[in-house]
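J.: What follows is a predicted protein model with its sequence.
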There are 2 protein chains.
Amino acid sequence: MIKVNIHITLKEGVLDPQGKAIEGSLSTLGYQGVGEVRVGKLIELTFADSDRAAEQVEEMCQKLLANPVIENYTYTIEDGVVQ
Amino acid sequence: MIKVNIHITLKEGVLDPQGKAIEGSLSTLGYQGVGEVRVGKLIELTFADSDRAAEQVEEMCQKLLANPVIENYTYTIEDGVVQ
């Protein structure tokens, strides 16, 4: 099995209300000096071994997992995960 | 400035309906061999330099960012980020 970790973050300039809410809450809780907060998604999936894994993960991100208009994504693939 | 990346994932055994929905959709899209999908959160924040940064981030996770009952969290701290 292959383990894939996908990090999806909003592109710069895209408004992040969830991040803003966290900023406000941290400030209310008394944390000084907190700058910008951005919230993204982390998707972990296991996948049958395949020579085309990277290509397929790229395609999954484009088609389903991320919204390429407003989001960036990066992924790492770990080979040989036993499950 | 310090840059903090926080990864929040559901603990093992906790049901992940969002992950299950992605599993179903990937299968509908024709991807064979996709195993378990788990969805987590990725929080990026900048923070004023502080000797107590790690301690404060730990506290933020416990108090606000994660739900320690059902979620695990890890974080990395990058020093000296110019902003």
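T.: Here it is on my side, so go on.
J.: What ranges does chain A have for its strands?
T.: A:2-10, A:34-47, A:71-78 (DSSP state E).
J.: now those as CSV including mean neighbour count, distance to chain B and mean pLDDT?
T.: Any C-beta I mention is one placed from the backbone N, CA and C, and that applies to glycine too. Output for these, formatted as CSV (neighbours: other CB atoms under 10 Å in any protein chain shown; distance: least, CB to the nearest CB, whole Å; pLDDT from 0 to 100):
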stretch, mean neighbour count, distance to chain B, mean pLDDT
strand A:2-10, 19, 6, 95
strand A:34-47, 20, 3, 95
strand A:71-78, 14, 10, 94
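J.: Redo the ones you listed as a markdown table? Include distance to residue B:47.
T.: Formatted as a markdown table, those follow (distance: least, CB to CB, whole Å):
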| stretch | distance to residue B:47 |
| --- | --- |
| strand A:2-10 | 18 |
| strand A:34-47 | 6 |
| strand A:71-78 | 22 |
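J.: Start and end of stretch A:42-54, how far apart?
T.: Using CA to CA, to the nearest Å, the end-to-end distance of stretch A:42-54 comes out at 17 Å.
J.: Can you get me a residue count around residue A:70?
T.: Number of residues near residue A:70 (other CB atoms under 10 Å in any protein chain shown) recorded here: 11.
J.: next one: phi and psi at it?
T.: phi -120, psi -10 (degrees, to the nearest 10).
J.: what's the distance between the residue lying closest to it once chain neighbours are set aside and residue A:54?
T.: Once its chain neighbours are removed from consideration, residue A:70 has its nearest residue in residue A:14; the separation is 4.8 Å (CB to CB, 6 or more residues apart in numbering or on different chains). The gap separating residue A:14 from residue A:54 is 26 Å, by CB to CB, to the nearest Å.
J.: Please apply the same query to residue A:30.
T.: For residue A:30, the distance to residue A:54 equals 45 Å [CB to CB].
J.: Thank you, goodbye.
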